[in-house]
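Asks: Show me how the following folds:
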Amino acid sequence: MGISQLRADLWVFPPNRHSAGGNAWLLRSSGGCSVLVDAPLLNEENQQFLESQPPGWIVLSHRQGHGQCKRWQQLLGWPVLLQEQEAYLLPNLELTNQKIACAAGLGPLAGAKLVEHGARALQLRSIANAEN
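Replies: Now for the predicted structure:
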């Protein structure tokens, strides 16, 4: 079972044992920015797929979602956003800021709201960058 494209702008990765069996997702904003939600299994297929995508962000939606996030960040060079309360779990990870507020001025958010508001903030940022 490999990466499945669900829509033109949405892919789901197979469950990952390093993330408590959870799935990771890749979203593409209308501005072309990639948003990787949680960390997929680190393997050749996933690496080739993600390296072929436009630059973006890694957003961790819950404490089991980080899996091999540090290694993904090293390979892709994408900044990582996560809930403020979860930052202590990844002390060696290079974080853009330990508060999601850095992306949208929204303050700490939980789970699905983190992804929803984070993706919207990235979309707005992409639009603003395209206008400049």
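
Asks: Doesn't Gln73 belong to a helix?
Replies: Yes - assessed with DSSP: H, G, I helix; E, B strand; the rest coil, Gln73 lies in a helix.

Asks: List the single closest residue to it in space, sequence neighbours excluded.
Replies: Counting by Cβ to Cβ, 6 or more residues apart in numbering, Val80 is the residue found nearest to Gln73 once chain neighbours are left out, at 5.7 Å. Quick note: C-beta positions are derived from backbone N, CA and C, even for glycine.

Asks: Bridge partners for the one you found, pull those for me.
Replies: With beta bridges defined as DSSP bridges, Val80 has these partners: Ile58, Leu95.

Asks: Need the pLDDT of it.
Replies: In this model, Val80 is scored at 82, pLDDT.

Asks: now Gly107
Replies: Reported pLDDT for Gly107: 43.

Asks: Tell me how many other residues crowd the residue nearest to Gln73.
Replies: Residues lying near Val80 (other Cβ atoms under 10 Å) number 22.

Asks: per-residue confidence at Gln47?
Replies: Looking at Gln47, the pLDDT reads 96.

Asks: same check, this time on Leu90
Replies: With respect to pLDDT, Leu90 scores 59.

Asks: Quick check: the residue nearest to Gln73 touching Ser61?
Replies: No - using Cβ atoms under 8 Å, Val80 is not in contact with Ser61; the gap is 11.9 Å.

Asks: Quick one: the strands in this protein, in order.
Replies: Assigned by DSSP state E, the chain shows strands spanning 4-7, 10-12, 25-28, 34-37, 56-60, 80-82.

Asks: Just checking: what are the partner strands of the third one?
Replies: So the one you mean is strand 25-28. As assigned by DSSP bridges, strand 25-28 forms pairs with strand 10-12 (antiparallel), strand 34-37 (antiparallel).

Asks: how about that strand: buried residues?
Replies: Neighbour-count burial for strand 25-28, counted by 16 or more other Cβ atoms under 10 Å, picks out Trp25, Leu26, Leu27, Arg28.
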